[in-house]
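J.: all I have is the shape, not the residue letters:
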């Protein structure tokens, strides 16, 4: 009995402190967190080159050895065993590392002003190669899909850390009051292996989590009113819910209540803004043909058009997942199919942003979670997971155009020069957005966390 009375007194004291001490912590939370629908934001540490990001994430891991990193020696030694010293301390995901080498399945072609080598499966990217920077010396720590995707996008292989899109909106907020600051699309045969942790907010306020949009129909389920509920009834309901939430926020000062209020308000605004956004029929035929998109048909191409439309409306971070590149077998036909779905639209996005004057301050990133082995899997037509070396490309937003950075050894197994770890990539992305990656932090569980953990160096050679 006495313990219950003591607990009730403690609760009353806590409520009094939160509500009435000074001007009331609940009131402070409400005023601060709901100003313009968001919490107070850190300020950039220096002038940004990029204002927004479009991240084309090729889930499953495209083979750098067929697309970006031409290795004549790999072709020469096709069907032979790799050098024993190459395999020391190497761990493969599924194959015996001492498997035969597999030469590239497709030829390469020199394109652009600098004669950059690209796989023949990327003819459209070749047309804009002078506007992009290719990094051929990427490396990561994980060799299976889910942990590697989460590692790339959150800086840690374990679940629960904020994604890069969440860090960006935490740092910069959103320029749109009608749409979420961080929007996600998914194409390919399935969603990313890492699930919604790839766009989760972790310990950051939940208002910074990515919002998953559908490519056709209502972008978010249940966005429209059900039968029998008109606008007036909805407004009355939302006003009542908001009043209750604000009252509770004033008592306990929980930031998640403020995030909930903000989410309700955002959903109401999206009921008018989202349908207009998704209507690709408003795009010209010339634009749709450039991307290879068709109104009403979900596709990676349509998602690329929508990404451009979103950043035009002030959305800060758009992430497109295309989870279809895991070619343990069927590499030849698989690469043909996926490049056919993605090459034109990816290049069109760069071209479209440039002609609209948006590329200079929009950072575009294309890449997966790791590369593929020089050794064969699946008979003679597949490659296993390979974290030691892979390739990505970037464009706009302060990235040096026409650059090819880094190289791998003669078999495409290890990086040879200008190694770029995923922590370095993330540090560089934040730098382009105006942040010192060591200073963009959030305190959780008694310590300051950051996207790059205790690692990462800005890749200065990538900067224009």
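T.: Nice, I can see it. Every value quoted in this text rests on a predicted model; they were computed, and no experiment measured them.
J.: got the contact list for residue 384?
T.: 92, 93, 94, 95, 328, 372, 373, 375, 377 (CB atoms under 8 Å, 6 or more residues apart in numbering). Backbone N, C-alpha and C define where each C-beta goes, glycine included.
J.: show me which of these are buried.
T.: 92, 93, 95, 328, 372, 373, 375, 377 (16 or more other CB atoms under 10 Å).
J.: out of those, name the ones that lie in helices.
T.: Using DSSP state H, no member of these falls in helices.
J.: in JSON lines: these, plus distance to residue 336 and pLDDT.
T.: Listed next are these as JSON lines, based on distance: CB to CB, whole Å; pLDDT from 0 to 100:
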{"residue": "92", "distance to residue 336": "25", "pLDDT": "92"}
{"residue": "93", "distance to residue 336": "24", "pLDDT": "95"}
{"residue": "95", "distance to residue 336": "23", "pLDDT": "96"}
{"residue": "328", "distance to residue 336": "16", "pLDDT": "97"}
{"residue": "372", "distance to residue 336": "15", "pLDDT": "98"}
{"residue": "373", "distance to residue 336": "20", "pLDDT": "98"}
{"residue": "375", "distance to residue 336": "22", "pLDDT": "98"}
{"residue": "377", "distance to residue 336": "18", "pLDDT": "96"}
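J.: shaky segments in the stretch 201-350 of the chain?
T.: Scanning the stretch 201-350 of the chain for pLDDT under 70 picks out 215-231, 233-238, 255, 259-274.
J.: residue 111 contacts residue 129, correct?
T.: Yes: in this structure residue 111 lies within contact range of residue 129 using CB atoms under 8 Å: 5.1 Å.
J.: list the residues that contact residue 332.
T.: 105, 106, 381.
J.: pLDDT at the first one, what is it?
T.: Among the per-residue scores, residue 105 shows a pLDDT of 97.
J.: now the one 10 residues further on
T.: The confidence metric pLDDT takes the value 97 at residue 115.
J.: ok, it - how many residues close by?
T.: 10 (other CB atoms under 10 Å).
J.: circling back to that earlier point, closest to residue 428 among the buried ones among the contacts of residue 384?
T.: residue 372 (23.9 Å; CB to CB).
J.: tell me who's in contact with that closest one.
T.: Per CB under 8 Å, 6+ apart, neighbours of residue 372: 61, 62, 63, 64, 65, 327, 383, 384, 385, 386, 390.
J.: and the residue lying closest to the fifth one once chain neighbours are set aside, how far from residue 385?
T.: Among residues not flanking residue 65 along the chain, residue 412 sits closest, at 5.0 Å (CB to CB, 6 or more residues apart in numbering). Computed as CB to CB, to the nearest Å, the residue 412 to residue 385 distance reads 14 Å.
J.: those two: which is more packed in?
T.: residue 412 (30 against 24).
J.: did I read that right, the more buried one in a helix?
T.: No: going by DSSP: H, G, I helix; E, B strand; the rest coil, the assignment for residue 412 is coil, not a helix.
J.: count of neighbours near residue 289?
T.: Residue 289 sits with 13 neighbouring residues when counted by other CB under 10 Å.
J.: what kind of secondary structure is it in?
T.: Per three-state DSSP, residue 289 ends up helix.
J.: after the helix or strand harbouring residue 149, which helix or strand is next?
T.: Applying DSSP states H and E as the criterion places residue 149 in helix 145-154. Next along the chain after helix 145-154, taking DSSP H and E as the criterion, comes helix 164-172.
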